[in-house]
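Visitor: this is a predicted model, with the sequence first.
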There are 2 protein chains.
Amino acid sequence: MQATLALAQEAGYAKLSIEAVAARAGTGKHTIYRRWTSKGLLFLDSLLSLNEPALDYPDTGDVRADLRRQIHAAVDLLANPPWGPLYQALVGEAQHDPAVAAGLNERFIRPQADKTIARLKAAQDRGEVSSDFDLDLAMAILSGPLYFQLLITQEPMTHDYVDRVLQALFAGMSPRH
Amino acid sequence: MQATLALAQEAGYAKLSIEAVAARAGTGKHTIYRRWTSKGLLFLDSLLSLNEPALDYPDTGDVRADLRRQIHAAVDLLANPPWGPLYQALVGEAQHDPAVAAGLNERFIRPQADKTIARLKAAQDRGEVSSDFDLDLAMAILSGPLYFQLLITQEPMTHDYVDRVLQALFAGMSPRH
């Protein structure tokens, strides 16, 4: 898995192949194919084996500050090597390989969504988040604008961008009277 | 370009090659390479040549209804063949090929963002949208949750999902007192 990440960083994901990984790792490609049926699944396992920050939410009693801290940490991860470009390549592969998409959701996205919902539920119970706010949408609404920046516009993600998004989401688009 | 789309739909984008397109179109691959330097750029041109809906915003004076109508049309496009799966493959390629990402932004995303901002600016001027709402974020905030669904969870996008997202974005996460 180290050979996979090293090669992906050196030459880019498009040029990665199980043959090249086998050569770098000094093993046979059949050994690799026995465990991973595609290069996308090998790459998923390799990336998730990296020692990334836990991306847990603190609970200081101030939900906005806590979301801000967690999302800043996520942006620090996504905006920088090695995780950022590798994660971007993984999401790219998930558009072509349904097994990669399923693994990514099950092992990374769903656990993050559960943490997000739990933190917001606690805030809702204390009256810090609108009781109307649909928690099932929380992950899509909070992280959607980040993914749009990472995958579509590919402009730099910054703490300032996160702060502006949070400000807009808490305030809402309707005028307050 | 028709050969490109036909092949991408039949065999999937991963198996698409300029050689295969040349064979299907009955031309030489050098003829294609003279105009498109990568399969990603050929695919971008081919997809954007499809006669898709204009995705313009109506202006009936009711911004929420107008956004809803435009986003429903966008979802109808993104959730169905041929555009949906081809567009998803294109965004996947944009994660590996910066020229594809730049072309996608310049020719599709930026014009859509400009239309979104113009429609919301008109609404802001009439007091229908909070004067605090940062229009530069409009595209990321409105379409981010759709892209999250299309690219990450890959769950079906529905009109109901759009309605729930709009409801949450207009209301905001803060409790209203």
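Guide: Now that the structure is in, tell me what you want to look at.
Visitor: CA only for contacts and neighbour counts going forward, please
Guide: Noted.
Visitor: give me the low-pLDDT residue ranges for chain A?
Guide: For chain A, the stretches with pLDDT under 70 are A:51-53, A:177.
Visitor: list the contacts for whichever residue of it sits closest to chain B?
Guide: Closest to chain B within chain A is residue A:172: 3.4 Å, counting by C-alpha to the nearest C-alpha. When contacts are counted by C-alpha atoms under 8 Å, 6 or more residues apart in numbering or on different chains, residue A:172 is found next to B:130, B:133, B:168, B:169, B:170, B:171, B:172, B:173, B:174.
Visitor: the first one: what secondary structure?
Guide: So that's residue B:130. Judged by DSSP: H, G, I helix; E, B strand; the rest coil, the three-state class of residue B:130 is coil.
Visitor: what's the closest of the contacts of residue A:172 to residue A:73?
Guide: Nearest to residue A:73 out of the contacts of residue A:172 is residue B:173 (C-alpha to C-alpha; 21.2 Å).
Visitor: chain neighbours aside, what residue packs nearest to the closest one?
Guide: residue A:170 (4.4 Å; C-alpha to C-alpha, 6 or more residues apart in numbering or on different chains).
Visitor: picking that back up, quick one: the contacts of residue A:172 as TSV, columns for secondary structure and distance to residue A:153 too.
Guide: TSV is the format used below for the contacts of residue A:172 (DSSP: H, G, I helix; E, B strand; the rest coil; distance: C-alpha to C-alpha, whole Å):
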residue	secondary structure	distance to residue A:153
B:130	coil	25
B:133	coil	20
B:168	helix	24
B:169	helix	21
B:170	helix	24
B:171	helix	26
B:172	coil	24
B:173	coil	25
B:174	coil	28
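Visitor: thinking again about what came up before, how close does the residue of chain A closest to chain B get to residue B:5?
Guide: 40 Å (C-alpha to C-alpha, to the nearest Å).
Visitor: just residue A:116 next, same as before
Guide: Residue A:116 sits 39 Å away from residue B:5, going by C-alpha to C-alpha.
Visitor: what's the answer for residue A:88, then?
Guide: Distance, residue A:88 to residue B:5, using C-alpha to C-alpha: 25 Å.
Visitor: and the nearest residue to residue A:25 once chain neighbours are set aside, what does it touch?
Guide: The shortest distance from residue A:25 to any non-neighbouring residue, by C-alpha to C-alpha, 6+ apart, is to residue A:3 (5.8 Å). Going by C-alpha under 8 Å, 6+ apart, residue A:3 touches A:21, A:24, A:25.
Visitor: contacting residues around the first one?
Guide: By C-alpha under 8 Å, 6+ apart, the contact list for residue A:21 reads A:3, A:4, A:7, A:29.
Visitor: which one of those residues is nearest residue B:33?
Guide: Once C-alpha to C-alpha is applied, the member of the contacts of residue A:21 that ends up nearest residue B:33 is residue A:7, at 27.9 Å.
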